[in-house]
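give the three-dimensional model of this entry:
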Amino acid sequence: MVMAQKVVAVVVGVFGLWLNTWHGAVLPLNHFAVFGGGRDGFGSQHYLHSMIGLVLIALAIWLWLRASKMTKAGTKPA
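Got it, this is the predicted structure:
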């Protein structure tokens, strides 16, 4: 359970970082290459990517800390 929670935290954190940083047009696996569309074809609401990315990073940190607390206490959190 703890290992699975840490794996989910890493996946969520990487996706959050991708939305905040790695989705720009100059980097590989940017959203234009993944989803198609030109420079303006995907939309211009990049602030939304940043907000969702920050929420996902915060969720990843919370999941990781929760899993660490479970490991130290040896019990499931309430």
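
okay, CA-based contacts and neighbour counts for the rest of this
OK.

lowest-pLDDT helix or strand in this structure?
None of the helices or strands of the chain scores lower by mean pLDDT, DSSP states H and E than helix 31-35, at a mean of 63.

can you name the next helix or strand after it?
helix 46-73 (DSSP states H and E).

packing partners for that following helix?
helix 2-17 (3 or more Cα pairs under 8 Å, 6 or more residues apart in numbering; DSSP states H and E).

the helix it packs on vs helix 46-73, what angle?
Helix 2-17 and helix 46-73 are oriented at 160 degrees to each other (axes from the mean of the first three to the mean of the last three Cα atoms, to 10 degrees).

use 34 as the first number for this chain going forward.
Okay, residue one is now 34; in that scheme the one you just asked about reads as helix 35-50.

list the contacts of helix 35-50.
The contact list for helix 35-50 (Cα atoms under 8 Å, 6 or more residues apart in numbering) reads 85-90, 92-94, 96-97, 100-101, 103-104.

ok, now stretch 85-99?
Here stretch 85-99 makes contact (Cα under 8 Å, 6+ apart) with 38-39, 41-43, 45-53, 110.

mind doing that once more with 7 Å?
Outside stretch 85-99, the residues within contact range by Cα atoms under 7 Å, 6 or more residues apart in numbering are 38-39, 42-43, 45-46, 49-50, 52-53.
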